[in-house]
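> Show me how the following folds:
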Amino acid sequence: MKTLNVALLAGGFTGEYEVSINSAKNIAASLDASKYTVYTILINRDNWVYETGQGSIDIDKNDFSLTLNGEKIKFEFAFITVHGTPGEDGKLQGYLDMIGIPYNTCDSTTSAITMNKAYTKAIVQGIHGLHTARSIQLHQHDEHDIATISSTLKFPLFIKPNNGGSSVGMSKVYNVSGLHEAIEKAFKEDTQVLIEEFIEGREFSIGIARLNGKVTVLPATEIISSKDFFDYEAKYTPGVSKEITPADLPEAKNREIADIVTQIYLRLNCRGMVRIDFILLEGSQEFYFIEVNTTPGQSANSLIPQQVRAAGMSVTDFYGQLIEGAM
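Reported below is the predicted structural model:
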């Protein structure tokens, strides 16, 4: 039986390059070799390459192909696992749309919108049961009045790049004295900064995907960090955070959460798998939206693979369903 030529796109232009490489290794090892021939393509600012034992071979971006041992291999599907630009912000999706290659993620419009935290919050406002933290968006070339920010929002505050992932450039500030430095730190990562009020509660992350034509919500993961908040170190340093999958939640709460995240998925016109991060407010247990991740990490111990296994599925079948659904 002929296999499908799959280009597994990894790397990218950000500090999440190595995280993406780890995701690609797990995906390549998990895809069914009887159905898919997988070529891991490393993307950086200079070129797209396929690594062989003898060196690197450039990808022909004119028709998305690879010439290997004199044979031209045309890719029939792209599995994007680039975290950050250009795989999470819609740029790769736009290229693939233009040349007619199907892929596993949200389309270019949804990817671009969800990369912008402030825009995403504005779109999901009004979903029943969903709340968002009060916030202010800053642009790099505008004036930033520290006094106005501190009088408008209630401390502590989270300061984060508006278009970023993995909490790079993020700070938690308890009073006005730390605000300027935190804003400057965030502006080193992006030209827009989002300042949000801190929401006290339990933090969760939940995967959702369209499988066999049906929107399927995976079991939630509770994240308990030994640090003050779930930053880059807490995400990627073993032992810093504890992840409980499935999360210890009442069945009624799980149903409520599943309904909210399904509405988020549909309103944003998501495709494939996404991960939605949220907080349940201390006391009232109200759902506070944090963000949507359209290319979530896929290393063996990442949250989505954890949740897939907790749902009683194999990761191999899960990835296969994503490919077949996108085809």
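
> A helix includes Ala7, no?
No: according to DSSP: H, G, I helix; E, B strand; the rest coil, Ala7 belongs to no helix; its state is strand.

> my guess is it contacts Ile41, does it?
Yes: using CB atoms under 8 Å, Ala7 is in contact with Ile41, at 5.1 Å. C-beta coordinates here come from the backbone N, C-alpha and C atoms, glycine included.

> Which neighbours do these two have in common?
Among the neighbours of Ala7, those also in contact with Ile41 (CB atoms under 8 Å, 6 or more residues apart in numbering) are Ile59.

> what about the longest strand in the chain?
For the chain, the longest strand by residue count, based on DSSP state E, is strand 201-211.

> And it, what does it pack against?
strand 214-217, strand 221-225, helix 251-267, strand 273-281, helix 303-310, helix 315-326 (3 or more CB pairs under 8 Å, 6 or more residues apart in numbering; DSSP states H and E).

> got the angle between it and helix 315-326?
60 degrees (axes from the mean of the first three to the mean of the last three CA atoms, to 10 degrees).

> Can I get strand 201-211 as PDB, trimmed to CA atoms?
C-alpha atoms of strand 201-211 as PDB (Å, rounded to 0.1, in the frame of the first residue of the first chain):
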ATOM      1  CA  GLY A 201      -7.200  30.200  41.400                       C
ATOM      2  CA  ARG A 202      -6.300  26.800  40.100                       C
ATOM      3  CA  GLU A 203      -4.600  26.700  36.600                       C
ATOM      4  CA  PHE A 204      -5.600  24.200  34.000                       C
ATOM      5  CA  SER A 205      -4.900  23.300  30.300                       C
ATOM      6  CA  ILE A 206      -7.200  21.300  28.100                       C
ATOM      7  CA  GLY A 207      -6.800  19.900  24.600                       C
ATOM      8  CA  ILE A 208      -9.600  19.900  22.000                       C
ATOM      9  CA  ALA A 209      -9.600  18.500  18.500                       C
ATOM     10  CA  ARG A 210     -11.900  17.600  15.700                       C
ATOM     11  CA  LEU A 211     -11.700  13.800  15.400                       C
END
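
> Could you spell out the sheet neighbours of it, each with its direction?
As defined by DSSP bridges, the strand partners of strand 201-211 come to strand 214-217 (antiparallel), strand 221-225 (antiparallel), strand 273-281 (antiparallel).

> what's the average pLDDT for that strand?
The average pLDDT within strand 201-211 is 97.

> So which bits of it are buried?
Within strand 201-211, the residues scored as buried using 16 or more other CB atoms under 10 Å are 201-211.

> Quick one: the residues you listed as JSON lines, columns for distance to Val274 too.
As requested, the buried residues of strand 201-211 are exported to JSON lines (distance: CB to CB, whole Å):
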{"residue": "Gly201", "distance to Val274": "22"}
{"residue": "Arg202", "distance to Val274": "21"}
{"residue": "Glu203", "distance to Val274": "17"}
{"residue": "Phe204", "distance to Val274": "14"}
{"residue": "Ser205", "distance to Val274": "11"}
{"residue": "Ile206", "distance to Val274": "10"}
{"residue": "Gly207", "distance to Val274": "7"}
{"residue": "Ile208", "distance to Val274": "6"}
{"residue": "Ala209", "distance to Val274": "7"}
{"residue": "Arg210", "distance to Val274": "10"}
{"residue": "Leu211", "distance to Val274": "13"}
